[in-house]
Structures are given as structure tokens and as C-alpha cells.
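Colleague: based on what follows, work out the 3D shape:
(one chain, ligands or ions: 2)
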Amino acid sequence: MPTRQVKLSINDQEVQAEEGITLLEAAREKAIGIPTLCYNEELSSYGACRLCLVEIFRGNRSRLVTSCNYLVEEGLVVRTDTEQVRRTRKMVAELLLARSPNSEKIQQVARDLGVERCRFPLEDNDCILCGLCVRTCREVVGVEALGFSSRGSKREVVTPFCEPSQVCIGCGACAYVCPTGYIELKDEDGVRKIWDREFKLRRCRLCGNYFAPEFQLKYIQEKWKIPRETLELCPSCHD
Ligand code: SF4
Ligand code: FES
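Modeller: Ligands and ions are numbered 1, 2, ... in the order given. Below you'll find the predicted structure:
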């Protein structure tokens, strides 16, 4: 069935977009840049970082919305570059920087938005609660080894019941997507340490290098019915 199209305006450009897509997707289709941090097109939108704010207008009224989870609407007027958008994004970047001052990714985002100094007290937390790790674990890896606990200032990413997770496969995808380096992953002497667990690493049959946790490879083998021999070589020796 053909998908319904809606017409809207973004920065005075008339845009025709498929119903059900977000303002961010519609803007990107027109090469209109919007900064993001907690968005990843492979994952569900979460709307946590608020960097992707845009201003929407109805009659005389306007308000800021997060474009990564606001769907296109017929006749909507959107601006991605108003004074209010720029000012608020800059403040959001400063708050993120205050929370995770050592993250190069956040430092870069802040620089791009013109933040020259941070007016808020610097914390030493590093997790900005973007949820990329939690969503990647659940939606891409297919296990639920991570989640959020508590609310407000006590909110944090944890393993279930704050115990070493029995469903974690040690793949490290959470550490890979984390923009702040909060998740510690260490490979040493054939063992990977992550989230208070230790995973034995498999050696490549050809080069002998350690390349992935046995547990992760077993999970892949069973889930996608891949023969064990295929998983005995590291990515470099596969080529
Ligand atoms: S640990 Fe990293 S990826 Fe996970 S919520 Fe915190 S900052 Fe985001
Ligand atoms: S990218 Fe939209 S809220 Fe983070």
C-alpha cells in the first residue's frame, strides 16, 4: 500500500515527507543539519539529550520539541535555527559538558554549538543517561543486560538488581556506543572484564590473536545457526 505523504515547511523549504517519519529524518532528507547525541538510526528514538531541539509554530504560538521523536504533521511549520533554538541547544550542551566534562564527543558537540566555557559546576559522573547502551543491548544485541534504575538525580545505568548480569554476553556493544567512556571494558590475558563479569576470549585459529568472548560467539552460533568453524577466525583472517 502506498504510504501517505504529508507536506510541511522546514526553514521555509516546502518538504514532502512520508507519514510516520520524524522531523529529524525529514530534515536530514533535505540535508538540513540538526545536532544529535542520543539518536542512532538503528535504534528507537529516546529523546534524552535534547540537542536536536527545533521550534514548531502553530498560529501565533511556538514551542520547542525534540525532533528525533516528533513525527511530521501536515502543515507544520518548523525552524531549526531560531534564536531560541540556538540558545537552548547551547545551554543543553553546557549541561551535558558539566555532567561529563572529559568526554571528547561532548566537548566536540559543545564546540560545534559555540560553547566557549561551561557556566555550571563540573561533575565527575560521565554517564549522561543517553540510553544508547541500554537500547543497543536490547534492540541490536537482543539481550537485556542493562537498564535504568531510580529516578531524578539518582538515575543510573545498571545491570538487573545491580548484580553481574547472567544474560550479558560480553560483546562490548554498550561500551562501543557510549559517547562518554563511562562503561569500562578491559581485555587482558585472554579475558574480557565488563560490568563486573569476566569472559574468556577465543583465539583465532589462524593468527592466534584473541578476538571475541566465547560466550558471545556461542550466542551468535545458536541464535543465527552459524557453523562453529565460521566463528573460529578473527575478522582480519576472514578476509
Ligand atoms: S553509560 Fe554511556 S551509553 Fe549508557 S546511558 Fe550512560 S552515557 Fe549513555
Ligand atoms: S537526539 Fe533527540 S533528544 Fe537526543
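Colleague: so Asn102 is in contact with Cys127, correct?
Modeller: No - in this structure, Asn102 sits apart from Cys127 without contact. The criterion is C-beta atoms under 8 Å, and the distance is 11.9 Å. (Glycine included, C-beta is placed from N, CA and C.)
Colleague: quick one, phi psi at Gly152?
Modeller: In this entry, Gly152 is assigned phi and psi values of phi 60, psi -140 (degrees, to the nearest 10).
Colleague: how far away is it from ligand 1?
Modeller: When C-beta to the nearest ligand atom, to the nearest Å is the yardstick, Gly152 and ligand 1 sit 15 Å from each other.
Colleague: what are the contacting residues of stretch 49-59?
Modeller: For stretch 49-59, the surrounding residues in contact (C-beta atoms under 8 Å, 6 or more residues apart in numbering) are 23-24, 27, 34-39, 62-68, 70, 76-80, 82, 84-85, 88-89, 92-93, 96, 109, 113, 128, 130.
Colleague: quickly list what's touching both of Asn102 and Cys127.
Modeller: Taking C-beta under 8 Å, 6+ apart as the contact rule, the neighbours common to Asn102 and Cys127 are Thr180.
Colleague: what parts of this structure come near ligand 2?
Modeller: Applying C-beta under 6 Å from any ligand atom, one finds that the chain approaches ligand 2 through Thr36, Leu37, Cys38, Tyr39, Gly47, Ala48, Cys49, Arg50, Leu51, Cys52, Thr66, Cys68.
Colleague: mind putting these into a markdown table with neighbour count?
Modeller: Formatted as a markdown table, the residues of the chain next to ligand 2 follow (neighbours: other C-beta atoms under 10 Å):
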| residue | neighbour count |
| --- | --- |
| Thr36 | 18 |
| Leu37 | 23 |
| Cys38 | 23 |
| Tyr39 | 24 |
| Gly47 | 16 |
| Ala48 | 18 |
| Cys49 | 26 |
| Arg50 | 19 |
| Leu51 | 26 |
| Cys52 | 27 |
| Thr66 | 23 |
| Cys68 | 26 |
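Colleague: got CSV for those, with distance to Ala212 too?
Modeller: Listed next are the residues of the chain next to ligand 2 as CSV, based on distance: C-beta to C-beta, whole Å:
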residue, distance to Ala212
Thr36, 30
Leu37, 28
Cys38, 27
Tyr39, 28
Gly47, 33
Ala48, 30
Cys49, 30
Arg50, 36
Leu51, 33
Cys52, 34
Thr66, 36
Cys68, 32
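Colleague: contact partners for Ala31?
Modeller: So, once contact is read as C-beta under 8 Å, 6+ apart, Ala31 ends up touching nothing.
Colleague: helix or strand: which one has it?
Modeller: Here Ala31, judged by DSSP states H and E, is contained in no helix and no strand.
Colleague: against ligand 1, how distant is it?
Modeller: Separation of Ala31 from ligand 1 (C-beta to the nearest ligand atom): 27 Å.
Colleague: same deal with Cys68?
Modeller: Counting by C-beta to the nearest ligand atom, the gap from Cys68 to ligand 1 is 15 Å.
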